[in-house]
Every structure is written in C-alpha cells, then in structure tokens.
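*Asks:* the following block contains a protein sequence and its predicted model.
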Amino acid sequence: MTKTIDSILFSTAYMPPIEYFILYLSSNVAYLETHEYFKRRTYANHCSIANVNGIHTLTIPVSKTIANHCPIHSMKINYSEKWQAVHWKTLETAYNKSPFFLYYRDYLEPFYTKRFDYLLDFNNELFQTLCYLLKINKTFIHTDSYEKNPSKIDCDLRDIINPVSCKKSDYCFNEIEPYNQVFIDKTGFIPNLSIFDLLCNKGNESQAYLLQNTLKIQ
C-alpha cells in the first residue's frame with residue numbers, strides 16, 4: 001500500500017504520469033500550485049504515451065499573456081494549430097486496440113473538441129474527469145499565492161515530477177509488476193507513462209494498481 005503523506009504540493013499537468021497519481025493518492029491534503037511561472041518542457045503542457053515506436057510526447061501549444069515570465073494561471077492555449085485533432089487521432093491510433101479505450105473515449109474525446117482559453121482550466125477539468133474514471137474521490141486545494149519554500153507543505157513536488165530532469169531525492173518507488181501494454185511485444189514495458197495508458201490497459205483495475213505501489217519518503 002502507498003504510504004500516507006500529510007500534505008503535498010503539485011504543479012499542474014496534462015494527463016499526468018502514473019507517479020503523479022500515486023503521489024496524489026498518498027496525500028491527505030493535495031495542493032495545486034496556480035501562481036508559479038510557466039516553465040517549458042514540463043508536464044504542464046506535455047504528456048507521454050506509447051505507440052509502436054515507443055514513447056511519444058503530446059504537446060499543447062501555448063501563448064504567453066505577459067511578455068516575460070507568465071504565471072501558469074495566465075497561460076493561454078494556442079489554437080493556431082489544430083492540436084486537438086492531432087492529439088485525439090494520435091491517442092485513438094495508439095490505443096484503439098487496448099482493452100478499455102472504447103469504454104473511456106466518450107468521457108475524454110470532448111476535451112479534444114471543446115475549446116478552453118487557459119491551460120490551467122483545461123488541465124483541471126481533464127484531471128477531474130480522470131479522477132472520476134479512476135474512482136478517486138478527492139480534490140485539489142489551489143494555492144492563492146506563490147511561495148518558494150512553503151512552510152506548511154510536507155512534500156513539494158513542483159520541481160521533482162519533471163519529464164526532463166527528475167530530481168527524486170525526496171521519494172522513490174519500489175519496483176512493481178509491469179502491466180500489459182498495447183505494443184509491449186515490440187517496445188517492452190514502458191513505465192510511468194500518462195495515466196491515459198494505464199486506464200486504457202487496466203480499466204477498472206487502475207486505482208488498485210496505483211495503490212499497490214509503495215512510496216518511500218526519504
């Protein structure tokens with residue numbers, strides 16, 4: 001079972017990786033940072049899925065509303081490219097043959113047709129839908145200001161859960177049994193993909209899979 005942590009601070013993420021949800025489930029209270037500056041090459045507008053070639057990254061194009069540093073709550077989604085159609089087609093192609101894609105598609109496809117002005121709003125609504133599908137009955141508490149070193153937080157993950165330079169000095173996962181993935185025969189098991197991968201392949205067993213992970217806090 002996952003070890004419980006009293007309070008954890010997260011950054012926003014687009015269809016977050018599996019470790020994000022393991023940590024979310026491990027928290028008594030989960031805070032979402034809504035006032036930090038947007039950083040490129042993070043999970044804020046990226047997610048990783050698997051296709052026949054291995055890991056494939058989906059990126060939501062964004063536009064700053066402020067010339068220099070832009071707070072995450074002010075970052076707008078850029079619709080000059082038809083990214084929604086591209087993302088959904090990519091997801092459909094990669095997971096159409098998975099056991100549970102057809103079951104979940106009606107819940108998730110609307111996010112690739114409906115227009116959201118702000119990245120944070122898109123991520124938040126999509127995250128709530130994913131929690132509903134995972135049968136996770138909890139919500140984030142949004143921060144009302146930015147603190148570099150928040151005093152009331154037991155575990156600050158804002159710079160830890162990162163696709164580029166994962167600084168995992170504060171936590172680690174025990175090795176867990178791989179689950180079946182669509183292209184596992186070609187790519188081998190790929191850990192810590194987007195939660196979308198887990199849902200499509202494990203379905204209603206997804207939450208149990210998340211809870212079986214052991215989290216060790218240093």
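*Replies:* Perfect, thanks for sending it.

*Asks:* contacts and neighbour counts: CA atoms only from here.
*Replies:* Fine.

*Asks:* assign the nearest residue to R41 once chain neighbours are set aside to helix, strand or coil.
*Replies:* Closest residue in space to R41, ignoring its immediate chain neighbours: V164 at 6.9 Å, by C-alpha to C-alpha, 6 or more residues apart in numbering. Following DSSP: H, G, I helix; E, B strand; the rest coil, we place V164 in the coil state.

*Asks:* again with R41
*Replies:* Of the three states, R41 takes coil under three-state DSSP.

*Asks:* so for the strand or helix carrying C47, mean pLDDT?
*Replies:* Per DSSP states H and E: C47 is located in strand 46-51. Averaged across strand 46-51, pLDDT comes to 96.

*Asks:* who touches that strand?
*Replies:* In this structure, residues lying in contact with strand 46-51 by C-alpha atoms under 8 Å, 6 or more residues apart in numbering are 13-17, 55-60, 94, 182-183, 190, 193-194, 196-197.

*Asks:* please repeat the previous calculation with a cut-off of 6 Å.
*Replies:* Strand 46-51 has contacts (C-alpha atoms under 6 Å, 6 or more residues apart in numbering) with Y14, I55, H56, T57, L58, T59, A94, L193, S194.

*Asks:* in helices only, show me these.
*Replies:* A94 (DSSP state H).

*Asks:* on that earlier part again, describe which strands the strand holding C47 pairs with in its sheet and in which direction.
*Replies:* Using DSSP bridges, the strands paired with strand 46-51 are strand 54-59 (antiparallel).

*Asks:* and the helix or strand that the strand it pairs with is followed by, what does it pack onto?
*Replies:* As assigned by DSSP H and E, the chain's next helix or strand after strand 54-59 is strand 62-63. Where contact means 3 or more C-alpha pairs under 6 Å, 6 or more residues apart in numbering; DSSP states H and E, strand 62-63 is packed against strand 76-77.
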